[in-house]
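K.L.:
Predicted model and sequence follow; I will ask about them next.
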Amino acid sequence: MRLRPSYRTGSFEIFTYPHHSRAARVAGAICRWRVEGLCVLTLTVAWVWIAYQIPESWPSWTVPVILVAVIVVIALVPVSRRFVIRRVWCVFSRHRVRKCFVQSWVMTHEGTTTTQLAKRSPF
């Protein structure tokens, strides 16, 4: 029985070729875009919740005005503005680091790049 060289590091692999598995690619995309998805989901839920709370006699443009007003208040208060800006830079940096790893062909435990694994695969 031949073990993979990664057994020395104590790590284990669920997918040998994750870039060939549709489930692994979808899970990776969800993991990478979780913050952006959570922001969109939060805004959508806030929109629907506010729409159900206001009286129907009010104009239809009330909901977006309320959401914009909340965003402006967050941007004007220094503590919340700093928190949001720092959070945005963290997410932006994470995307940049991942892109750098992908483009610079960061090596696996076996010493191969993801591009070499893709060429070597029988699929």
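P.N.:
Good, I have the coordinates. Numbering: from 1, shown residues only.
K.L.:
Give the burial count for Glu36, as a bare number.
P.N.:
Number of residues near Glu36 (other CB atoms under 10 Å) recorded here: 11. (Glycine included, C-beta is placed from N, CA and C.)
K.L.:
And for Val63?
P.N.:
For Val63, the neighbour count with other CB under 10 Å is 19.
K.L.:
Provide the secondary structure category for it.
P.N.:
At Val63 the chain is in helix, as set by DSSP: H, G, I helix; E, B strand; the rest coil.
K.L.:
Kindly report the same for Pro59.
P.N.:
coil.
K.L.:
ranges for the helices of this structure?
P.N.:
Applying DSSP state H to the chain gives helices spanning 22-32, 34-53, 62-76, 78-103, 114-120.
K.L.:
mean pLDDT for the ones you listed: which is lowest?
P.N.:
With a mean of 51, helix 114-120 has the lowest mean pLDDT of the helices of the chain.
K.L.:
Skip the chain neighbours and tell me the closest residue to Val91.
P.N.:
Excluding the flanking residues, the one nearest Val91 by CB to CB, 6 or more residues apart in numbering is Val35, at 4.9 Å.
K.L.:
Would you check that the one you found makes contact with Trp89?
P.N.:
No - using CB atoms under 8 Å, Val35 is not in contact with Trp89, being 11.9 Å away.
K.L.:
Please identify which of those two sits among more neighbours.
P.N.:
Counted by other CB under 10 Å, Val35 and Trp89 do not tie: Val35 has more neighbours, with 14 against 10.
K.L.:
Would you mind measuring from the more buried one to Arg96?
P.N.:
Distance of Val35 to Arg96, given as CB to CB, to the nearest Å: 14 Å.
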